[in-house]
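*Asks:* let me see the structure of the following:
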Amino acid sequence: MNAPCYGCQARKPGCHTGCPAYISYRAEMDKFAKYMADNKPVDAMRVTHEMDKKNRRRKYKGGKQ
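*Replies:* Now for the predicted structure:
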């Protein structure tokens, strides 16, 4: 998603502090970031295990991978 500043004709340095479109966009993005942080996986073991398997295959294949 692009910020409302993209292609804005009234854009100038420091306009983020007073632009209502940007303020609402930032609030929505902060809410989304909090949602993603609250709902991330608790146990990352599966990801770690998959990387271990990948590294093991790389190790026994030989050469530069």
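*Asks:* tell me the SS of Arg11?
*Replies:* Here Arg11 is recorded as coil under DSSP: H, G, I helix; E, B strand; the rest coil.
*Asks:* okay, now it: neighbour count?
*Replies:* Neighbourhood size, Arg11 [other C-beta atoms under 10 Å]: 13. (C-beta placed from N, C-alpha, C; glycine too.)
*Asks:* over to the one 5 residues further on?
*Replies:* Residues lying near His16 (other C-beta under 10 Å) number 13.
*Asks:* do Ala3 as well
*Replies:* Close neighbours of Ala3, defined as other C-beta under 10 Å, add up to 14.
*Asks:* wait, isn't it in contact with Tyr22?
*Replies:* Yes. Using C-beta atoms under 8 Å, Ala3 is in contact with Tyr22, at 6.7 Å.
*Asks:* can you get me a residue count around Lys54?
*Replies:* 11.
*Asks:* how much space between the residue nearest the centre of the chain and Asp52?
*Replies:* Centrality entry for the chain: nearest residue to the mean C-alpha point is Ala33, 8.2 Å, by C-alpha atoms, centre = their mean. Going from Ala33 to Asp52 by C-beta to C-beta, to the nearest Å gives 30 Å.
*Asks:* likewise for Pro4?
*Replies:* Distance of Pro4 to Asp52, computed by C-beta to C-beta: 44 Å.
*Asks:* so those two - more neighbours on which side?
*Replies:* Between Pro4 and Asp52, counting by other C-beta under 10 Å, Pro4 is the more crowded of the two (16 against 10).
*Asks:* let's verify that one: helix, strand, or coil?
*Replies:* Three-state call for Pro4 (three-state DSSP): coil.
*Asks:* got the contact list for it?
*Replies:* Pro4 is in contact with Cys19, Ala21, Tyr22, Tyr25, counting by C-beta atoms under 8 Å, 6 or more residues apart in numbering.
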